[in-house]
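Colleague: how would this look folded up:
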Amino acid sequence: MTKFLTPWETGLLAVFLATLALNASFAPEFLTVQNQINLFQLSIEKIIVALIMTLVIINAEIDLSVASIMGLSAALFGYLVNAGTPGGLAILICLAAGLIAGLVNATLIARVGIPSLVVTLAMLIGFRGLARVLVKDNSLGNFPTWFTDLGQKGLIGPIPLSILLFFVLLILLGMTLHRSGFGRQVIVIGTNAEVARFSGLNVVRVKTTLFLLSALISALCGLLYAARLGSVRGDTAFGFELDIITMVLLGGVSIFGGKGSMTGVFLSILIILNLRNGMGLMNLTGHIQTGVIGILLIASVLLPNLLSDFRARRRKDA
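Modeller: Numbering: from 1, shown residues only. Have a look, this model is predicted:
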């Protein structure tokens, strides 16, 4: 099977299997179907956003505003529903707000030419501020029963809507990246945007599409998060961007763009979900878990560069 994987992905597979074995040794019930569903469900919104973030980073961009858009979407839904807006209409408004947020990002990045790191960092603060204005210091709930059922109950057997959505998007975005003309454009532009532009590729359109999709999926995940918890606050999804970016970079996606695969990101997601679960089994606090994820983020950026330098020296010496 490893002949279909890159060396980095093979290493990720080995780490995943080792983590799986370690967790199973700590708790025999770890491998039960219900526990595996719970493992996915506790971080489902993050791993869905990680899929579209994969394409954004391969395109040599980054979107730091995804968690704030999630929080804004959730807060807006809570505000609208508590103001008497029908749940279905509130969902459409929240998704539209997500698209508007994405359009702001895309316009400033793709058309004006401001670096995505700067734009999305500013929007991280701005969108989070809007969420806090809507909710203030309150916790808003009283959502329609059908809405919370979508987030808390199984849609097909014990499997909820959000997990089904994750695997559908994993397949669709994986095929888009590796089997479509748009995916090839994403990679070529990520490798060298100027060369791609001179080759006739519509760089602005590709980047705009990516940031619109990133914001739309983030807004949808904000709604899924609200449905799963049954309430929202102004700090909903605060700090989620750390885990999301770590999942992508640990999966072998180059922070400089032009390189990466959905297979690697999926293996990375499995590792992080199992690591968090294992640390929970060992009663490690949330702060320690966040620290471990931070170390993984640093390692996922440094190790590929160190390995690349090592190979370059070996070729030079040879």
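
Colleague: spit out the contact partners of the residue nearest the centre of the chain.
Modeller: In the chain, the residue lying closest to the centroid (Cα atoms, centre = their mean) is residue 50, at 2.1 Å. For residue 50, the contacting residues are 244, 247, 248, 265, 269, by Cβ atoms under 8 Å, 6 or more residues apart in numbering. Any C-beta I mention is one placed from the backbone N, CA and C, and that applies to glycine too.

Colleague: that one - nearest residue in space that isn't next to it in sequence?
Modeller: Beyond its immediate neighbours in the sequence, the residue positioned closest to residue 50 (Cβ to Cβ, 6 or more residues apart in numbering) is residue 247, lying 4.3 Å away.

Colleague: element containing the one you found, please.
Modeller: Taking DSSP states H and E as the definition, residue 247 sits inside helix 240-250.

Colleague: helices or strands up against the following helix or strand past that helix?
Modeller: Going down the chain from helix 240-250, the next helix or strand is helix 262-281, by DSSP H and E. Other elements packing on helix 262-281 under the criterion 3 or more Cβ pairs under 8 Å, 6 or more residues apart in numbering; DSSP states H and E are helix 7-26, helix 33-41, helix 44-58, helix 161-179, helix 240-250, helix 286-317.

Colleague: can I get the CA coordinates of helix 262-281 in CSV?
Modeller: Once side chains and other backbone atoms are set aside, the C-alpha atoms of helix 262-281 remain, and they are given as CSV (Å, rounded to 0.1, in the frame of the first residue of the first chain):
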residue,chain,number,x,y,z
MET,A,262,-5.5,15.4,0.4
THR,A,263,-4.3,11.9,1.5
GLY,A,264,-1.6,13.5,3.7
VAL,A,265,-4.0,15.9,5.2
PHE,A,266,-6.5,13.1,6.0
LEU,A,267,-3.8,11.1,7.7
SER,A,268,-2.7,14.2,9.6
ILE,A,269,-6.3,14.7,10.8
LEU,A,270,-6.5,11.1,12.0
ILE,A,271,-3.3,11.6,14.0
ILE,A,272,-4.4,14.8,15.7
LEU,A,273,-7.8,13.5,16.5
ASN,A,274,-6.3,10.4,18.1
LEU,A,275,-3.6,12.4,19.9
ARG,A,276,-6.2,14.7,21.5
ASN,A,277,-8.3,11.6,22.4
GLY,A,278,-5.2,9.9,23.9
MET,A,279,-4.2,13.0,25.9
GLY,A,280,-7.8,13.2,27.2
LEU,A,281,-7.6,9.5,28.3
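
Colleague: show me how far that helix is from its chain's centre.
Modeller: The chain centroid and the centroid of helix 262-281 are separated by 13 Å under Cα atoms, centre = their mean, to the nearest Å.

Colleague: one more: stretch 141-154?
Modeller: Stretch 141-154 has its average C-alpha position 23 Å from the chain's average C-alpha position, going by Cα atoms, centre = their mean.

Colleague: in it, which residues are buried?
Modeller: 143, 147, 148, 150, 151 (16 or more other Cβ atoms under 10 Å).

Colleague: likewise stretch 194-213?
Modeller: Of the residues in stretch 194-213, those buried by neighbour count under the rule 16+ other Cβ under 10 Å are 196, 201, 203, 206, 207, 208, 209, 210, 211, 212, 213.
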